[in-house]
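Engineer: take this sequence and fold it.
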Amino acid sequence: MKRTVFIFSLIIALSLNDAHSQHSDQDFPDGRFFIGSSAFVLVNAIPDQANPPNFYQLNVGYWLTPKDVISVEAITWKYHAPLGIPFGPNYGSSDESYTGHIREFGLGIAYQRFILKGFYSGTHATPMLQIYVNSENEKIQNGFQLFLTQRFGYHFKIKNRFFIEPSIAFTHWPINTNVPESFREVENKWPNYFLFEPGLHFGVKF
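Structural biologist: A predicted model of the protein is given here:
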């Protein structure tokens, strides 16, 4: 899934011949509220997936100043292997899969700070309710995860009110509680962070 979004991000970024930065230091952008999502939702449309992510996200945000943005993010998805597996031969390998999957529901908060023109850094914190499901699609138990993200990207303005934000993120989940033993055995083989995760957010201001 991450590879698909990375390729999609590059295509969009390179095709923006008329794109320009979101704002100047003196002026607010067009509209201080926005709604948006992540390009990860497009992965749901890929046919014949063995383990579809069923990923959905909704962002609602507000520009406090021309350089400071806060937003609330509602996210749900499921995954079948540890999130800490890095890109390489083990990434996507069935040998590293859980005996089941995890469904997560999260409601988090994010803060963006624009550094230079459209370049920004963003900090995200999302508490996640985890539902552990076995290979027979039966619920085992619930867990909790605190999912943290540090993101670096660029804000492209398209036709005044629309925008996209290709980015690279560093994710970390320092709290991960009540993990079933069968899941923990797989999870413990990998770190509780992921480096250089590509991302692409999009939205509309109003």
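Engineer: would you map the strands across the chain?
Structural biologist: 20-21, 33-38, 56-65, 68-79, 100-116, 119-134, 139-154, 156-158, 162-177, 193-205 (DSSP state E).
Engineer: closest to Val186 out of the ones you listed?
Structural biologist: Closest to Val186 of the strands of the chain is strand 100-116 (CB to CB; 10.3 Å). To be clear about C-beta, it is placed using only N, CA and C from the backbone, and glycine gets the same treatment.
Engineer: ok, His172 - contacts?
Structural biologist: Taking CB atoms under 8 Å, 6 or more residues apart in numbering, we find His172 in contact with Phe147, Leu148, Thr149, Asn192, Tyr193.
Engineer: in stretch 138-154, what counts as buried?
Structural biologist: Gly143, Gln145, Leu146, Phe147, Leu148, Thr149, Arg151, Gly153, Tyr154 (16 or more other CB atoms under 10 Å).
Engineer: just list whatever residues bridge to the third one.
Structural biologist: What that stands for is Leu146. Pro127, Ile175 (DSSP bridges).
Engineer: same question, the last one
Structural biologist: Per DSSP bridges, the residues bridged to Tyr154 are Phe119.
Engineer: of all the contacts of His172, which two lie farthest apart?
Structural biologist: Thr149 and Asn192 (13.1 Å).
Engineer: how far away is the closest residue to Pro191 other than its chain neighbours from Ser121?
Structural biologist: Spatial nearest neighbour of Pro191, excluding adjacent residues (CB to CB, 6 or more residues apart in numbering): Gly84 at 4.4 Å. Going from Gly84 to Ser121 by CB to CB, to the nearest Å gives 22 Å.
Engineer: these two - which one has more neighbours?
Structural biologist: Between Gly84 and Ser121, Gly84 has the larger neighbour count (other CB atoms under 10 Å), namely 17 against 14.
Engineer: quick one, what contacts the more buried one?
Structural biologist: Shown in contact with Gly84 (CB under 8 Å, 6+ apart): Glu187, Trp190, Pro191, Asn192, Tyr193, Phe194.
Engineer: show me which of these are buried.
Structural biologist: For those, a neighbour count by 16+ other CB under 10 Å gives the buried set as Glu187, Trp190, Asn192, Phe194.
Engineer: got the end-to-end distance for stretch 84-94?
Structural biologist: 15 Å (CA to CA, to the nearest Å).
Engineer: what comes up buried for that stretch?
Structural biologist: Under the neighbour-count criterion of 16+ other CB under 10 Å, stretch 84-94 has Gly84, Ile85, Gly92 buried.
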